[in-house]
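Colleague: When you get a sec, could you give me coordinates for this:
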Amino acid sequence: MQIYKKVFRPLLFRFSPEHAQAAADFFLKQSLFKSGLSYYFDHFNPRLAVSAGNVTYPSPVGVAAGYDKDCRLIDGLLSLGFGYVVAGTVTVQPRLGNPSPRLLRLPSREAVINALGFPGKGLESAKDHLQHAQMRRRGSRKPIIVSVSGLKIQEFLDCQKTLQPFVDGVELNVSSPNTEGIRMFQEPDNFEALIIALNEKRIKPLLVKMPPYFDELGKERVLRLASIAAKEGVDGITVANTHPIKEAKLAVGHGGLSGRPLFRETLKMVKEMRLEVGKDIAVHACGGIFTWEDVIEAIKAGANTVQLLTGLIYEGPGVAKNISLGLIKYMDEKGIKTVQDLAK
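Modeller: Have a look, this model is predicted:
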């Protein structure tokens, strides 16, 4: 971890965020490199397993949607020791995304502002990658969740129908602050119609990535969506997407903030979401997760698992292993048998 922070991270940060990710992606796709990563980073302990929302996760630490937009890097990311990965977000048609610059690092805050806007090669390309990943990973204990989005209910349905045979769950992204049009599904009637339509066709668990909120009116609106999700039998909710922020250095003038500044708000929203949906729905905490201490706080707040992305950028490829080792050490010291017992 220290080698990454002192040597590799400063080198990577000399490049633009997208060029730095392209370099990382190159290595994550190499078979020999993936084998070496798995040997060093993939720490497995059955005490870390979590069963929630009709999915079993061998570790509560997952990769959030947004890193692997075209579902090409699943094997490489899982070789870093993550318990699961959320690939995508996938859309029906290929998209260029927003113009550059569209990513900005804030190193002093250990944060990122993202205004990508769903760039990707589209549904058929994602299907091919997921199908091949499924064939390579037969018997693997690590789930793949795919994030999907669209501007119409039919687009969500097309993504669901095409991709769910090759994944362990489908996460709906109705909350990205960087894509015009999708926020229509944050209106309760539209949201309910979307969930009902998807429920009719689903054969795999259904999850929803919720928007954040910052005041009582926003809280009321988002908790209303969570209540609808619970009523309609959604298996899990992810709390929450990036926080909308204005930023003149980005071409579109705004983006979504992620990283350390979000953590306390994430905990607050997790607690409130858990109270709203009850104990039967999985809650995945997403926003500001960096360390094993963060994971413990998230679980005690009501989360079943956590998802991180900015933490990977700042903490490096050993972040999942370090979290796993930290959790086991803490559980040993406290006499706690399993990670799920942390919530008791």
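
Colleague: Ser59 versus the residue nearest to Asn178 when sequence neighbours are not counted, what's the distance?
Modeller: Nearest residue to Asn178 in three dimensions, chain neighbours excluded: Gly117, at 4.6 Å (CB to CB, 6 or more residues apart in numbering). C-beta here means a position set from N, CA and C on the backbone, and glycine is covered the same way. Per CB to CB, to the nearest Å, Gly117 is found 31 Å from Ser59.

Colleague: Just want to know which of those two has more residues nearby.
Modeller: Set Gly117 next to Ser59 and count neighbours by other CB atoms under 10 Å: Ser59 wins out with 27 against 19.

Colleague: which residues sit against the helix or strand that Ala320 is a member of?
Modeller: For Ala320, the host element (DSSP states H and E) is helix 319-334. If you take CB atoms under 8 Å, 6 or more residues apart in numbering as the criterion, helix 319-334 is touched by 1, 40-43, 45, 47-48, 59-61, 80-83, 290-293, 295-296, 308, 311-312, 315, 336-339, 341-342.

Colleague: Next, report how far it is displaced from the centre of its chain.
Modeller: For helix 319-334, the separation from the chain centroid amounts to 21 Å (computed by CA atoms, centre = their mean, to the nearest Å).

Colleague: If we go by neighbour counts, what in it is buried?
Modeller: Val319, Ala320, Lys321, Asn322, Ile323, Ser324, Gly326, Leu327, Ile328, Tyr330, Met331 (16 or more other CB atoms under 10 Å).

Colleague: Over to stretch 203-213?
Modeller: Under the neighbour-count rule (16+ other CB under 10 Å), stretch 203-213 has Lys204, Pro205, Leu206, Leu207, Val208, Lys209, Met210, Pro211, Pro212, Tyr213 buried.

Colleague: For those, work out which two are farthest apart.
Modeller: Lys204 and Tyr213 (28.2 Å; CB to CB).

Colleague: Helices along the stretch 101-250 of the chain, start to end?
Modeller: For the stretch 101-250 of the chain, applying DSSP state H, counting those that start in this stretch gives helices covering 123-136, 153-163, 188-201, 216-231.

Colleague: so which of those helices comes closest to Pro101?
Modeller: Closest to Pro101 of these is helix 123-136 (CB to CB; 25.1 Å).

Colleague: Just name whatever secondary elements that closest one is in contact with.
Modeller: helix 74-78, strand 84-90, strand 144-148, helix 153-163 (3 or more CB pairs under 8 Å, 6 or more residues apart in numbering; DSSP states H and E).

Colleague: For it, C-alpha coordinates in PDB please.
Modeller: Below are the C-alpha coordinates for helix 123-136, written out as PDB (Å, rounded to 0.1, in the frame of the first residue of the first chain):
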ATOM      1  CA  LEU A 123     -25.500  -3.400 -25.000                       C
ATOM      2  CA  GLU A 124     -24.300  -6.000 -27.600                       C
ATOM      3  CA  SER A 125     -20.600  -5.300 -26.700                       C
ATOM      4  CA  ALA A 126     -21.400  -5.700 -23.000                       C
ATOM      5  CA  LYS A 127     -23.300  -8.900 -23.700                       C
ATOM      6  CA  ASP A 128     -20.300 -10.400 -25.400                       C
ATOM      7  CA  HIS A 129     -17.900  -9.500 -22.600                       C
ATOM      8  CA  LEU A 130     -20.300 -10.800 -19.900                       C
ATOM      9  CA  GLN A 131     -20.900 -14.000 -21.800                       C
ATOM     10  CA  HIS A 132     -17.200 -14.700 -22.000                       C
ATOM     11  CA  ALA A 133     -16.700 -13.800 -18.400                       C
ATOM     12  CA  GLN A 134     -19.400 -16.200 -17.400                       C
ATOM     13  CA  MET A 135     -17.800 -19.000 -19.300                       C
ATOM     14  CA  ARG A 136     -14.300 -18.300 -17.900                       C
END
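
Colleague: follow-up on the earlier one: can you go through the contacts of helix 319-334 and name the buried ones?
Modeller: 41-43, 48, 59-61, 80-83, 290-292, 295-296, 308, 311-312, 315, 336, 339, 342.

Colleague: okay, now Thr162: neighbour count?
Modeller: 18.

Colleague: centre of the chain versus stretch 48-67, how much separation?
Modeller: 10 Å.
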